[in-house]
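> Sequence and predicted structure below; questions after.
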Amino acid sequence: MTIYQHIDRLIAYALAQGLIEEQDKSWAVNALLSILGLTDYQTTGKVKTPKTAVEALEPICDWAAEKGLISPNTVTQRDLFDTKLMSVFARRPSEVISEFSVLYKTKSPQAATDKFYHDAQALNYIRTDRVAKNVVWKTDTPYGELDITINMSKPEKDPKDIAAALEVKSSGYPQCLLCKENEGYAGHAAHPARQNLRLIPLDLLKNGQKWYLQYSPYVYYNEHCILLSGQHEPMKITKNTFARLLGFVEILPHYFVGSNADLPIVGGSILTHDHFQGGRYTFAMEKAPIETKFKLKKFPKLKAGIVRWPMSVLRLTGSKQDLINAADYILKKWRNYSDTKADILAYTQDIPHNTITPIARRRGKAFELDLVLRNNRTTQKFPKGLFHPHEEVHHIKRENIGLIEVMGLAVLPARLTTELKALQPHLIKGNIKAIIKDEVLSKHAPWAEELLSKYKFTDKNITKILQKEVGEVFAKGLEHAGVFKRTAEGQEAFGRFIKKL
């Protein structure tokens, strides 16, 4: 195919996805020619319309690399270039916001997000081709079906990209990946391109302070969205956090939304910019039942209870304002709560340890908040965190338990795909010595020994068994992160905190 045919295929894709109209064709072609350094164009007539943006973009990027427009020819540089191509089809932010508002008012909140999500995918902002590479399954546990994902979607950095990034002078603009100034930013070797990113401003507190809705480029679940503060300010769980979360599900009642905690170890990967994550997905935690009901004397109209979950979760259901006030009351109590019998210390000298991971949703007309109690204390025995996945599960999961995993979706490292595959022949043969001797696989040896005592592995059953057991290791990691353990003593300690409320 000629470059002109590839251009025509990309135009056909944009038309099919509703990114441009027929009247925009000549303008769009000329914009693409400018990016490609071409001064002439020959229409090629009818072409087969690609089903995905990647199908249309890949051959154009190959051509651009041959011409030296992409150099070095790495994933990072191709991403910068293909995003520039797709920016041709991205409408101005004001037009996107106006369309969202019209659909919201004339049709429904769901219609507004449906179109916004569709366009994020069609513009290749959400890189669905890479998300499809993730290995995904469910594991049945005593806490319900947990979602397990081995994250293959984020490409590893090429050494050439790392070298190129070192040459880029830091300007401090945008200040981070979550700043609203990323909208339309061309990016560079050390910062992803965002010309195809669009944001929807939302006034969550109805006070004029804007937060912004966007989608995650590497979605972990359906309509995985990010809600970010208009100001570059650090994460902080406060009364306003609860008000904003509930304000969001008031505006978009078909979505849930939650916040990572605001302390290291128990917080998320970005603590420097206040943000939430939400979307349209039902996690195992949402399905988990209340196992112990209790009454809050200060808030008699609220339903309250302890959730049957590996981590320590309080669920409150009721009116929006009651929930805001009750959550703030519980947060203040928890911030200063210590129970040495349960290894819970609120402070070490003046360093705080207690915080909350909150999640908001709607139950019909009622509002609901899950408050996950967190503590980030470290000890000599557990230097990575006392209430953090312990070393026995690090062969599968050693990273922080953030918001998504709190709710029951494991995001596991890409290394597991090759490691689990490499384990299979040794497990089928029952050859534990080979696992111990292998430099990469030896960390799995204690686990493998345990598995061999439970199962007789065959070619037919090994994949399902390993998936089941990986899910159970994740559940154990969640139990480690629970501040009140799932033991008689742990639940008794949980009862002592409830009495304080």
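Alright, I've got the coordinates. Here the structure is a predicted model, which is why all the values come from computation and not from measurement.
> The helix or strand bottoming out on mean pLDDT in the chain: what's the following helix or strand?
In the chain, no helix or strand scores lower on mean pLDDT, DSSP states H and E than helix 159-167, which sits at a mean of 61. Counting by DSSP states H and E, the next helix or strand C-terminal to helix 159-167 is strand 200-202.
> Could I get the average pLDDT for that following strand?
Mean pLDDT, strand 200-202: 98.
> Outside of that strand itself, list whatever touches it.
With contacts defined as C-beta atoms under 8 Å, 6 or more residues apart in numbering, strand 200-202 is touched by 96-97, 100, 116, 210-214, 227, 230, 247-248, 251. Bear in mind the C-beta positions are built from the backbone N, C-alpha and C, glycine included.
> Show me what counts as buried in it.
For strand 200-202, the neighbour count (16 or more other C-beta atoms under 10 Å) marks 200, 202 as buried.
> same question, stretch 450-463
Neighbour-count burial for stretch 450-463 flags 451-452, 457, 462 (criterion: 16+ other C-beta under 10 Å).
> same check, this time on stretch 111-131
112-117, 119-128, 130-131.
> Stretch 248-257 too?
248-249, 251-253, 255-257.
> and for it, what are the contacting residues?
Outside stretch 248-257, the residues that touch it by C-beta under 8 Å, 6+ apart are 109-110, 113, 202, 204, 223, 225, 227, 245, 276-281, 283, 286, 320, 359-362, 367.
> quick one, what contacts Leu36?
Leu36 neighbours (C-beta under 8 Å, 6+ apart): 3, 7, 60, 63-64, 69.
> Where does the closest residue to Leu478 other than its chain neighbours sit: helix, strand or coil?
In this structure, Leu478 finds its nearest non-sequential neighbour in Pro310, 3.8 Å apart by C-beta to C-beta, 6 or more residues apart in numbering. Using DSSP: H, G, I helix; E, B strand; the rest coil, the structure places Pro310 in coil.
> Counting neighbours, which of the contacts of stretch 248-257 end up buried?
109, 113, 202, 204, 223, 225, 227, 245, 276-281, 283, 286, 320, 359-362, 367.
> now Phe474: how far from Thr43?
Computed as C-beta to C-beta, to the nearest Å, the Phe474 to Thr43 distance reads 54 Å.
> So for these two, which residue has more residues nearby?
Phe474 (27 against 13; other C-beta atoms under 10 Å).
> Please settle this for me: is that one part of a helix?
Yes. Inclusion of Phe474 in a helix is indicated when three-state DSSP is applied.
> quick one, what contacts the residue nearest to it when sequence neighbours are not counted?
Excluding its sequence neighbours, the residue lying closest to Phe474 (C-beta to C-beta, 6+ apart) is Ala410, at 4.3 Å. By C-beta under 8 Å, 6+ apart, the contact list for Ala410 reads 146-149, 397, 471, 474.
> Gln467 versus Ala410, what's the distance?
Distance of Ala410 to Gln467, given as C-beta to C-beta: 11 Å.
> Please look at Lys485 and Glu492 and confirm they touch.
No. Between Lys485 and Glu492 there is no contact under C-beta atoms under 8 Å: 10.1 Å.
> quick one: which of the two has more around it?
The neighbour comparison of Lys485 against Glu492 (other C-beta under 10 Å) goes to Lys485, with 18 against 12.
> For the more buried one, which three-state class applies?
coil.
> What is the neighbour count of the closest residue to it other than its chain neighbours?
Nearest in space to Lys485, with sequence neighbours left out and distances taken as C-beta to C-beta, 6+ apart, is Glu479 at 7.1 Å. If you count neighbours by other C-beta under 10 Å, Glu479 ends up with 19.
> so Glu479 is in which element?
Assigned by DSSP H and E, Glu479 falls within helix 462-481.
> and the gap between the residue nearest to the spatial centre of the chain and Val266?
In the chain, the centroid-proximal residue (C-alpha atoms, centre = their mean) is Tyr220; its distance is 5.5 Å. Using C-beta to C-beta, we find Tyr220 at a distance of 19 Å from Val266.
> now the contacts of strand 200-202 as JSON lines including pLDDT and distance to Asp24?
Below are the contacts of strand 200-202 laid out as JSON lines (pLDDT from 0 to 100; distance: C-beta to C-beta, whole Å):
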{"residue": "Val96", "pLDDT": "98", "distance to Asp24": "16"}
{"residue": "Ile97", "pLDDT": "98", "distance to Asp24": "20"}
{"residue": "Phe100", "pLDDT": "98", "distance to Asp24": "20"}
{"residue": "Phe116", "pLDDT": "98", "distance to Asp24": "20"}
{"residue": "Lys210", "pLDDT": "96", "distance to Asp24": "30"}
{"residue": "Trp211", "pLDDT": "98", "distance to Asp24": "32"}
{"residue": "Tyr212", "pLDDT": "98", "distance to Asp24": "27"}
{"residue": "Leu213", "pLDDT": "98", "distance to Asp24": "26"}
{"residue": "Gln214", "pLDDT": "98", "distance to Asp24": "24"}
{"residue": "Leu227", "pLDDT": "98", "distance to Asp24": "31"}
{"residue": "Gly230", "pLDDT": "97", "distance to Asp24": "31"}
{"residue": "Gly247", "pLDDT": "98", "distance to Asp24": "37"}
{"residue": "Phe248", "pLDDT": "98", "distance to Asp24": "34"}
{"residue": "Ile251", "pLDDT": "98", "distance to Asp24": "32"}
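> so of those, which ones are in strands?
Using DSSP state E, the members of these that fall in strands are 211-214, 227.
> What separation is there between Leu323 and Glu286?
Applying C-beta to C-beta, the value for Leu323 to Glu286 is 16 Å.
> quick one on the thing from earlier: closest one to Lys138 out of the contacts of Ala410, please.
Lowest distance from Lys138 to the contacts of Ala410 (C-beta to C-beta) belongs to Asp147, with 5.9 Å.
> Now the closest one. Nearest residue, chain neighbours left out?
In space, Asp147 comes closest to Leu409 once its chain neighbours are excluded; the distance is 4.1 Å by C-beta to C-beta, 6+ apart.
> what about the one you found, how many neighbours?
With other C-beta under 10 Å as criterion, Leu409 counts 21.
> If anything else comes up later, I'll come back, but that's it for now.
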